[in-house]
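**Q** Generate coordinates for the sequence data below:
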Amino acid sequence: MNNPIKYKYAWDNDRHIVEISTVNKQLRNNTQYYCISCGKELIPRLGDKNQHHFAHKSSDDTISCKNETYLHELAKIKIKEIFDRSDTFIIKLHKNIICSSVKTCEFSQGAKTCCEQQEKIVNLKSYYDTCTIEKQIGNFKADILLENSTRPIKPLLHIPEHTRSHSGSL
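**A** Residues are numbered from 1 along each chain as shown. From the prediction side, this is the model:
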């Protein structure tokens, strides 16, 4: 029972994420479950010998479904769930600060030794109020897009150099 399980989560009929530990025999018999990655039907395995888990109903589906895609999709869903239900969404950023005297200091041995790492804590909810999965913006499709409903997205426009006039202006 120590092997890690591959499918711990699935969609239910209403497209809610369900964790296998919440499924009992009654739910198993009355609910259909679907793979987060490929959308094919999963069946809850609630036996006594192995850890409880979801498995593809058809063995052919297991071959075509990729674990990396499953984990990627699950991560996006879970991040959105946490963002939507929380008042804060904290991330930590790390920045290397190099001593301003690194070039002139007689004790300096270069930027690698005269460097300090600072941690900055940012609450993304202070800047963004909407989290969307798989949103298209022009030619780019974001896995997760954080937006502020009062400040619309302003895409940057890059004019290729060969389309500019010789003066460099538009």
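**Q** which residue packs closest to the most centrally placed residue in the chain, ignoring adjacent ones?
**A** Residue closest to the average C-alpha location in the chain (Cα atoms, centre = their mean): Lys76, at 3.8 Å. In space, and not counting its chain neighbours, Lys76 is closest to Ile133: 5.0 Å by Cβ to Cβ, 6 or more residues apart in numbering. C-betas here are computed from N, CA, C, even on glycine.
**Q** Adjacent strands (with direction) for the helix or strand containing the one you found?
**A** In the assignment (DSSP states H and E), Ile133 maps to strand 130-137. Next to strand 130-137 in the sheet, as set by DSSP bridges, lie strand 140-147 (antiparallel).
**Q** now the strand it pairs with, how far from the centre of its chain.
**A** Its chain's C-alpha centre and that of strand 140-147 lie 10 Å apart, by Cα atoms, centre = their mean, to the nearest Å.
**Q** Determine the angle, from 0 to 180 degrees, between the single longest helix found in the chain and strand 140-147.
**A** The longest helix of the chain (DSSP state H) is helix 67-85. Angle between the axes of helix 67-85 and strand 140-147 is 30 degrees (criterion: axes from the mean of the first three to the mean of the last three Cα atoms, to 10 degrees).
**Q** Quick check: next helix or strand after helix 67-85?
**A** Next helix or strand after helix 67-85 toward the C-terminus (DSSP H and E): strand 90-98.
**Q** Please name the residues that touch Phe54.
**A** Phe54 is in contact with Tyr7, Lys8, Tyr9, Ala10, Ile20, Tyr33, Cys35, Leu42, Ile43, Pro44, Arg45, counting by Cβ atoms under 8 Å, 6 or more residues apart in numbering.
**Q** how does this structure divide into domains?
**A** Structural domains assigned to the chain are 9-75, 90-124, following automatic domain parsing.
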